[in-house]
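**Student:** Sequence and computational prediction follow.
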Amino acid sequence: MPKPFLFGILWLFIFKTATAQIQNETAPPYHIKTISFVQNGQNVIPIFELGSSFEFQFDDLYGNEANYYYEIIHCDYNWNPSTIQKNEYLQGFDNQRIQNYTNSVNTLQIYSHYKLNFPNQFTQQLRLSGNYLLKILNDDREVVFSRKFMLYEDNASVPLQIKRARNVNLIEYKHNLDFSIKSNSITFQNPLKNIKVTLLQNGNFSTAINNIKPQYTVGNDLIYKYDSETQFWAGNEFLYFENKDIRVAANNVARVDASTDIYNSYLYTNNARTNFPYTYFEDINGNFLVKNSNATNNETEADYAWVYFSLSAPSFRLNKDIYISGMFNNYNLSPEYKMDYDEKKGIYEKAILIKQGFTNYKYVIADKNGNIDNENAIDGNFYQTENEYTVLVYYKENTGRYDRIIGKGTASSLNIIN
């Protein structure tokens, strides 16, 4: 066989392997903060109806109006790049510079605030439903960070009900998702193969449940009534702090120190709640709100503060680490959010730079590989916990070329039943 032919085959293999690589999210560097998808003025879980508009925002703490570019990758159910050509899923262009940015005003921590609207003058429309990866690039076209988002069609309804676990041993600690998939416009072909679902708790992709097949069908309806496969550990209500007025010790802020370059907010020490009775208090399911009570434009007038977290967990003896997690950091388990143990005080501590407002957070146990231990959660698991659950339905016809998201179902465990 001629060497050029062999070389061509090898090159094609390498190219296909590289392009088929799973698209994991790239965590941002230290100076990129407060990354969020925004719709109707609110931070949201990035799941949008096809054809709707939304925004993507972030801050650069260098504050030097750096150039950033964006790229959009359409992916299959498993987050491999799909075989769909870019001009098929995108009307217009990507790989464009983000032109909407503003410097902070009257803040001790300077930053440049970037906003990317969809649609915009370059990207007029995202044409197909499915999984997408949004990459933010620098001048050298290197990936600075990336975020997942999904677009869905309204072609299937997903009646969803949250129940307590079927297993008596877990009935106090887990939530079970019972749901069905119904469609008047699609006759499902080979649903055991062509239908896939993703189950989310509070929009956290890292704890998603995937690859659950329909248990049985009734006509064109697909029924999911599993005993264990669709269960989540219930967890506990999110903790929170509020520093909308950054100079005042407000909710769960013990004291404020203004003697340094930027404000320091010291929170009250949290006690591990796993051995305490469940106590209901309203949270926003891990979300956060950027807010400066003394400003008119929170995007550029809200300041940053060093927030000092502390946790008393004397019974924690596992060979694992404790992280501070929430939508404010995309549930990221990087060293920036790992707590340190103070031998003298006997508590875990961590300082994190966070934009002021109202912030939900929780403490998460994970091993060195990032595997989360929800069973032994620092704050326990209680079936009474109110969580928001989402079911996404993916469908690829026998002759289909990509995984469509044909429907979405949501429900709260506030309405849990036995």
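**Tutor:** Sure, I can see it. Numbers count the residues shown, from 1 in each chain.
**Student:** Could you break this protein into its assigned domains?
**Tutor:** 11-152, 160-234+385-415, 239-366 (automatic domain parsing).
**Student:** Out of these, which is closest to residue 376?
**Tutor:** domain 239-366 (6.0 Å; Cβ to Cβ). (Each C-beta comes from the backbone N, C-alpha and C, glycine too.)
**Student:** Throw the domains of the chain into TSV and include distance to residue 379 and mean pLDDT, thanks.
**Tutor:** Output for those, formatted as TSV (distance: least, Cβ to Cβ, whole Å; pLDDT from 0 to 100):
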stretch	distance to residue 379	mean pLDDT
domain 11-152	22	92
domain 160-234+385-415	9	95
domain 239-366	4	95
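**Student:** ranges for the strands of the stretch 51-200 of the chain?
**Tutor:** 54-60, 69-75, 90-92, 96-97, 101-103, 112-118, 123-126, 130-137, 143-152, 160-164, 174-181, 195-201 (DSSP state E, counting those that start in this stretch).
**Student:** want to throw those into a markdown table with distance to residue 354 and mean neighbour count?
**Tutor:** Formatted as a markdown table, those follow (distance: least, Cβ to Cβ, whole Å; neighbours: other Cβ atoms under 10 Å):
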| stretch | distance to residue 354 | mean neighbour count |
| --- | --- | --- |
| strand 54-60 | 11 | 21 |
| strand 69-75 | 25 | 19 |
| strand 90-92 | 34 | 16 |
| strand 96-97 | 28 | 14 |
| strand 101-103 | 20 | 16 |
| strand 112-118 | 15 | 19 |
| strand 123-126 | 30 | 17 |
| strand 130-137 | 20 | 22 |
| strand 143-152 | 17 | 19 |
| strand 160-164 | 31 | 20 |
| strand 174-181 | 29 | 22 |
| strand 195-201 | 23 | 22 |
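**Student:** out of these, nearest to residue 303?
**Tutor:** Comparing these by Cβ to Cβ, strand 54-60 comes nearest, at 11.1 Å.
**Student:** could you say what helices and strands the closest one packs with?
**Tutor:** Secondary-structure packing of strand 54-60 (3 or more Cβ pairs under 8 Å, 6 or more residues apart in numbering; DSSP states H and E): strand 32-39, strand 112-118.
**Student:** closest to residue 163 out of these?
**Tutor:** For those, the distance to residue 163 is smallest for strand 32-39, at 29.8 Å, taking Cβ to Cβ.
**Student:** list the contacts for residue 35?
**Tutor:** By Cβ atoms under 8 Å, 6 or more residues apart in numbering, the residues touching residue 35 are 28, 56-58, 145, 147, 330.
**Student:** Residue 246 now?
**Tutor:** Contacts of residue 246 (Cβ under 8 Å, 6+ apart): 256, 263, 265, 292, 303, 305, 356.
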